[in-house]
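>>> I need the structure of the sequence given here:
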Amino acid sequence: MSARPVRIWPVPIALGVASAVGLVIALVADGLWDHLSTAALTVPVAVSVWFMFRPRRGGGEPGK
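The predicted model follows:
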């Protein structure tokens, strides 16, 4: 293993928390909170799309 788990987990946990907060806010609040929930739910999607379309370093197979 080259990366320690402490370095791997903070970002996925933050994305999960953003998703959960966005879903809860969308269910229980209205008005300005709808915009906040949309922003919170957009963050994980934007990060996923960014990493899906970014060029890979080294041009090799994933994981290498």
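>>> residues near Ser37, how many?
Residues near Ser37, counting by other C-beta atoms under 10 Å, number 19. To be clear about C-beta, it is placed using only N, CA and C from the backbone, and glycine gets the same treatment.
>>> Grab the longest helix from this structure for me.
Longest helix of the chain, by residue count under DSSP state H: helix 32-53.
>>> If you count contacts, what does it end up packed against?
Contacts defined by 3 or more C-beta pairs under 8 Å, 6 or more residues apart in numbering; DSSP states H and E place helix 32-53 against helix 10-28.
>>> And the helix it packs on, how far out from the chain middle?
Counting by C-alpha atoms, centre = their mean, to the nearest Å, helix 10-28 is centred 9 Å from the centre of its parent chain.
>>> who touches the residue nearest to Ala39 when sequence neighbours are not counted in this structure?
Once flanking residues are discounted, Ala39 sits nearest to Gly22: 7.6 Å by C-beta to C-beta, 6 or more residues apart in numbering. Residues near Gly22 by C-beta atoms under 8 Å, 6 or more residues apart in numbering: Leu36, Ser37, Thr38, Ala39, Ala40, Leu41.
>>> Equivalent analysis for Val43, please.
Contacts of Val43 by C-beta under 8 Å, 6+ apart are Leu15, Ala18.
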